[in-house]
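Chemist: predicted structure and sequence below. I'll ask about it afterward.
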Amino acid sequence: MEVRKLMGLCPDCGNLRDALEDCCPFCDCLESPLPNPDLTDRIFVIDLEAGMPTVDDALARLDELLRRAQGAGIRMVKVIHGYGSSGKGGLIRAAFREALLFHRWADRIREALPGETLKPGSAALQGLSRHHLQLIKTLGGGNQGNPGMTILVLA
């Protein structure tokens, strides 16, 4: 599973460290890193398809990454779940979307926006882009309207 590395500040030593690591490599601090000011408009990307995991493995890994992302002060996550080679939607996508419907991550997710709703000119894209300028850059280049991804706004 591919995860884009983001950095946070250690609350003890102040060094930059991986925002999702449990322990600071410099001082062994176990507290979550403080948000790096550069993180506030960045979109964290989680590719659920990378490594071809089972559905259960993909969702378990997502549980952990969402917990860590929220603790690191990350506000927006782009989940790449794919659409499936059959053209009818893949197993990971279906399980992920079902988990969203049943509020599996209600304590972590404030809003979920399926990629297919984020088409150019859509109300969903315009409303989100007003508050998250980095979103326009991330959704450029053919990602707008993509049913193989979902944008999550964390609580």
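Modeler: Nice, thanks for sending it over. Source: prediction; values computed, not measured.
Chemist: pLDDT score for residue 105?
Modeler: Predicted confidence (pLDDT) for residue 105: 92.
Chemist: next one: residue 120
Modeler: For residue 120, the pLDDT comes out at 76.
Chemist: pretty sure residue 109 sits against residue 152.
Modeler: Yes. With contact defined as Cβ atoms under 8 Å, residue 109 reaches residue 152; the gap is 5.2 Å. Quick note: C-beta positions are derived from backbone N, CA and C, even for glycine.
Chemist: settle it for me: which of the two has more neighbours?
Modeler: Taking other Cβ atoms under 10 Å, residue 109 and residue 152 do not tie; residue 152 has more neighbours (25 against 18).
Chemist: contacting residues for the more buried one?
Modeler: Each residue near residue 152 by Cβ atoms under 8 Å, 6 or more residues apart in numbering is listed here: 66, 76-79, 105, 109, 111-113.
Chemist: what sits in contact with each of residue 109 and residue 152?
Modeler: residue 66.
Chemist: how close does residue 154 sit to residue 28?
Modeler: 27 Å (Cβ to Cβ, to the nearest Å).
Chemist: before we move on, back to that, just the buried ones among the contacts of residue 152, please.
Modeler: For the contacts of residue 152, a burial check counting by 16 or more other Cβ atoms under 10 Å picks out 66, 76-79, 105, 109, 112-113.
Chemist: dump those into a markdown table; add distance to residue 121 and secondary structure as well.
Modeler: Shown next, in a markdown table, are the buried ones among the contacts of residue 152 (distance: Cβ to Cβ, whole Å; DSSP: H, G, I helix; E, B strand; the rest coil):
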| residue | distance to residue 121 | secondary structure |
| --- | --- | --- |
| 66 | 30 | helix |
| 76 | 21 | strand |
| 77 | 24 | strand |
| 78 | 20 | strand |
| 79 | 23 | strand |
| 105 | 29 | coil |
| 109 | 25 | strand |
| 112 | 20 | strand |
| 113 | 15 | strand |
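Chemist: residue 60: which of those residues is nearest?
Modeler: Lowest distance from residue 60 to the buried ones among the contacts of residue 152 (Cβ to Cβ) belongs to residue 66, with 11.0 Å.
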